[in-house]
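J.: following is a predicted model, sequence given first.
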Amino acid sequence: MKRAIATVCMPGSLGEKLGAAAEAGFQGVEIFENDLTYFDGRPEDVGRLADSLGLEIIALQPFRDFEGLPEPARSKAFDRARRKFELMGRLGTPLLLVCSSISPDATDDMARVAADLHDLGELARTFGVTVGFEALAWGRHINDYRQAWEAVRRADHPNLGLILDSFHLLARRLPIDDIEQIPPERIALVQTADAPGIEMDLLFLSRHYRCFPGQGDLPVAAMMRKLDAIGYRGPISHEIFSDDFRAASARGIANDGMRSFLWLDEQVRGRPLVPMPTVDGIEFIEFVDNPNQVGAFVETLQGLGFRRTHRHRSKQVELYRQGEVNLVLNLEDDGFPHAFYLLHGLSVAAMALRVADATRAAARATAMLAKPFVSPIGEGELKIPAVRGVSGSLVYFVERPQARGTFFHVDFVPEPATEAAPDLGLLRIDHVAQVVSETELVSWVLYYRTILGLEPDERTDLPDPHGMIVSRATTNQDRTLRLALNASQAERTAAGRFMYRTAGAGAQHIAFGCRDIFAAAAALPTELKLPLPENYYEDLAARFDLDDEAITRMRDLSVMYDRLGAGEFFQVFTRSINGLFFEIVERRDYDRYGEANAPARLAAQAALDQIAETVL
């Protein structure tokens, strides 16, 4: 299979796009007509540049509004085609993509359409090139791949083939079984694109929200399995349109495209390139801070019931523990931790995931194009495989138990209990919420899906007083690892303020599961709690059949509540420090994240931030 990408997928100049495609490992590219129009050089120069990068130009596209036109428009369409065929010779590409007409003058007479396509194929033959015909989902008369195939079949010309695009097929929910009726040798090209599962005008969805397979909700893998089953072995090319991608880097988008292909190959073949790791949750979260200013953060940890139990053998690193929760505080003044602190301030620099085989987990990650990270280690210290994650933070892979014990038995020495801490009964890390830029949200969905096997939940919109936050949680099958991704276009939302405050993306809040939410809330110092508006509890009483005593108890302890079916969810939030905050939760047969409470929580956080800004 020849993997290709359309230049329209990537931002930047044509030269930058070709370079990014080659660097990511693509074998071919489709040249989008506008990229060639805006190129400062001759078509021959583009062909030579592509060849020097090891890229084949597999197609020129698109050629619009051709078939079924009355005269004199029909003759003019053939004149346009002749010019495109001449251009293809100079460019060095064998295929022209022709998409079904949206012209109001086009006829629905299939015999006329087939005759036009036959004549176009004959003209293409004289130039030594081929034409591929594609049904646009919003085509005036031909908007179904089965109609396009019928036109190609009737035209019956060797220089004419069918183009199948997963978006145009799947966004209209067309059945894929009829692909079996198409001889694979009559398919000139297959284009792949995904999209979110939202109801929207198809043209608008296509122009603004297409994404790579694995980043959306369309059953692209099922379609590709069908094509594989009938024996299609021709080129496959990504073709996406997205406002977010246009604001990203060409190199990053091309890398996402190749990661998508690797994932898609696994889905089609039914076997992994490298086995997916078995992840059993988060072993530790590592924070970085300035040793001269760490007091406030340490007080927050102590208020949450964490006690410093170990110190690193050779570094300025401390371990705070409670239940199965391990929090590492790195105060080093050089190397990666210090560089991360200088860029982001107090922040989460790494998280370590418990896996059955750390070496294999790291191999899986690098096979899926994650960037490996190697840190210097001291004699006798544990070597922990790692790759880069959100905003350059690290994802460690830790086996538990180790032959020599857990990670802190190897690298840390115990510290006598000297600190008093309240007992909040925290048990484990329930979930971590990371803020990413809106242009990278689907990229990180694909990252976690391909590297860790986390499946994305449905997109959720969280209303903030200053804009909308888009949230998408990703989870493993048994829900022991939950990573939520949040993004916002608005700079003044909680996500936007965090991005500004920390100079980039990263983990904004960590949620801990507890034994008893009311005992935890009672033990949590009042000065750490996020104060909630009185009206929240008035609304709570109206929404649920809770008695006055329960409402009063929750109000007094700043506990938030949600219910789905028979499941109940309780939350308590802390105030933020450098944008970071913590959450304590208790789940009672409840699998979501309390999204109904998000508007009140976001408003409370915005109010506190506004007070802080006013004071400053």
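T.: Arrived safely.

J.: can you tell me the closest non-neighbouring residue to residue 424?
T.: Nearest non-adjacent residue to residue 424, counting by Cβ to Cβ, 6 or more residues apart in numbering: residue 305, 3.7 Å away. (Glycine included, C-beta is placed from N, CA and C.)

J.: test my guess that the one you found contacts residue 523.
T.: Yes. The pair residue 305 and residue 523 passes the contact test of Cβ atoms under 8 Å, sitting 6.8 Å apart.

J.: neighbour-wise, which of the two wins?
T.: Legend: neighbour count by other Cβ atoms under 10 Å for residue 305 and residue 523, higher for residue 305 (22 against 19).

J.: which parts of the stretch 451-600 of the chain are helices?
T.: In the stretch 451-600 of the chain, the helices defined using DSSP state H, counting those that start in this stretch lie at 494-501, 517-523, 534-543, 548-557, 598-615.

J.: give me the average confidence score over the first one.
T.: In this case it means helix 494-501. Regarding helix 494-501, the rounded mean pLDDT is 93.

J.: what angle do helix 598-615 and that helix make with each other?
T.: Counting by axes from the mean of the first three to the mean of the last three Cα atoms, to 10 degrees, helix 494-501 lies at 40 degrees to helix 598-615.

J.: which element is residue 261 on?
T.: Residue 261 is part of helix 250-269 when elements are defined by DSSP states H and E.

J.: just to be sure, residue 424 is in a strand?
T.: No. Looking at residue 424 with DSSP: H, G, I helix; E, B strand; the rest coil, it is coil, so not inside a strand.

J.: which parts of the stretch 51-200 of the chain are strands?
T.: Counting by DSSP state E, counting those that start in this stretch, the stretch 51-200 of the chain has strands at residues 56-63, 95-99, 130-134, 160-165, 187-192.

J.: adjacent strands (with direction) for the first one?
T.: It stands for strand 56-63. Strand 56-63 has its sheet partners listed here by DSSP bridges as strand 28-32 (parallel), strand 95-99 (parallel).

J.: got these as JSON lines, with mean neighbour count columns?
T.: Formatted as JSON lines, these follow (neighbours: other Cβ atoms under 10 Å):
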{"stretch": "strand 28-32", "mean neighbour count": "25"}
{"stretch": "strand 95-99", "mean neighbour count": "25"}
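
J.: figure out which of these is closest to residue 350.
T.: Distance to residue 350, taken as Cβ to Cβ, is lowest for strand 28-32 among the strands paired with strand 56-63, at 36.7 Å.

J.: by contact count, what packs against the helix or strand following the closest one?
T.: Remark: after strand 28-32, the chain's next helix or strand is helix 33-37, criterion DSSP H and E. With contacts taken as 3 or more Cβ pairs under 8 Å, 6 or more residues apart in numbering; DSSP states H and E, helix 33-37 sits against helix 14-24, strand 56-63.

J.: what residues does the first one touch?
T.: Put plainly, it is helix 14-24. 5, 7, 10-12, 29, 31, 35-36, 38-39, 46, 49-50, 53-55, 249-251, 253-255, 257-258 (Cβ atoms under 8 Å, 6 or more residues apart in numbering).

J.: return the set of buried residues in that helix.
T.: In terms of neighbour count (16 or more other Cβ atoms under 10 Å), helix 14-24 has its buried residues at 14-22, 24.

J.: who does the nearest residue to residue 63 once chain neighbours are set aside bridge with?
T.: Sequence neighbours aside, residue 98 is the residue nearest to residue 63 in space, at 4.6 Å (criterion: Cβ to Cβ, 6+ apart). Beta bridges link residue 98 to residue 63, residue 133 when assigned by DSSP bridges.

J.: ok, residue 98 - contacts?
T.: 62-64, 66-67, 117, 120, 131-134.

J.: can you check residue 309 too?
T.: Counting by Cβ under 8 Å, 6+ apart, residue 309 touches 319-321, 408, 414-415, 417.

J.: just those: which are in strands?
T.: Judged by DSSP state E, the subset of those located in strands is 319-321, 414.

J.: mind putting the residues you listed into TSV with pLDDT?
T.: Below are the ones in strands among the contacts of residue 309 laid out as TSV (pLDDT from 0 to 100):
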residue	pLDDT
319	96
320	96
321	95
414	92
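
J.: between these, which is nearest residue 383?
T.: residue 319 (18.1 Å).

J.: tally of neighbours for the closest one?
T.: Counted with other Cβ under 10 Å, the neighbours of residue 319 add up to 24.

J.: so the residue nearest to residue 424: helix, strand or coil?
T.: coil.

J.: which residue packs closest to residue 276, ignoring adjacent ones?
T.: residue 453 (4.3 Å).

J.: contact partners for the one you found?
T.: Residue 453 sits next to 276-277, 279, 476-477 when contact means Cβ under 8 Å, 6+ apart.

J.: from residue 354, how far out is it?
T.: Look at residue 453 and residue 354: by Cβ to Cβ, to the nearest Å, they are 14 Å apart.

J.: any regions of the stretch 351-500 of the chain where pLDDT drops low?
T.: Residues of the stretch 351-500 of the chain that meet the criterion pLDDT under 70 lie in 379-380, 402-405, 418-419.

J.: and what of the stretch 201-350 of the chain?
T.: For the stretch 201-350 of the chain (pLDDT under 70), the answer is none.

J.: just the strands in it please.
T.: Under DSSP E, counting those that start in this stretch, the stretch 201-350 of the chain gives strands at 236-238, 279-288, 307-312, 317-322, 325-330, 347-355.

J.: who's the closest residue to residue 261 other than its chain neighbours bridged to?
T.: Sequence neighbours aside, residue 3 is the residue nearest to residue 261 in space, at 5.2 Å (criterion: Cβ to Cβ, 6+ apart). Here residue 3 sits in beta bridges with residue 236, going by DSSP bridges.

J.: then residue 164?
T.: Assessed by DSSP bridges, residue 164 has beta-bridge partners residue 190.

J.: for it, grab the count of nearby residues.
T.: Close neighbours of residue 164, defined as other Cβ under 10 Å, add up to 25.

J.: show me the residues around residue 150 that make contact.
T.: residue 110.

J.: that one and residue 210, how far apart?
T.: Residue 150 sits at a distance of 26 Å from residue 210 (criterion: Cβ to Cβ).

J.: do the same with residue 501
T.: Look at residue 501 and residue 210: by Cβ to Cβ, they are 32 Å apart.

J.: who has more neighbours, the two?
T.: residue 210 (25 against 18).

J.: the residue nearest to the more buried one when sequence neighbours are not counted: neighbouring residues, count only.
T.: Leaving aside its chain neighbours, residue 210 sits nearest to residue 240 (4.1 Å; criterion: Cβ to Cβ, 6+ apart). Counted with other Cβ under 10 Å, the neighbours of residue 240 add up to 29.

J.: pretty sure residue 240 sits against residue 193.
T.: Yes. Residue 240 is in contact with residue 193 according to Cβ under 8 Å; the separation is 5.0 Å.

J.: which other helices and strands does the helix or strand harbouring residue 449 contact?
T.: Secondary structure from DSSP H and E places residue 449 in helix 441-452. Here helix 441-452 touches helix 250-269, strand 455-456, strand 467-475, strand 482-487, going by 3+ Cβ pairs under 8 Å, 6+ apart.

J.: show me what contacts the closest residue in space to residue 170 that isn't next to it in sequence?
T.: Excluding its sequence neighbours, the residue lying closest to residue 170 (Cβ to Cβ, 6+ apart) is residue 218, at 4.2 Å. When contacts are counted by Cβ under 8 Å, 6+ apart, residue 218 touches 166-167, 170-171, 194-195, 197.

J.: one step back: for residue 305 and residue 523, list the residues in contact with both.
T.: Common neighbours of residue 305 and residue 523 (Cβ under 8 Å, 6+ apart) are 422-425.

J.: pick out whichever of those residues sits closest to residue 350.
T.: residue 424 (24.1 Å).

J.: my read is that that closest one contacts residue 518, right?
T.: No. At 11.1 Å, residue 424 does not count as touching residue 518 under the criterion of Cβ under 8 Å.

J.: give me the more crowded residue out of these two.
T.: residue 424 (25 against 16).
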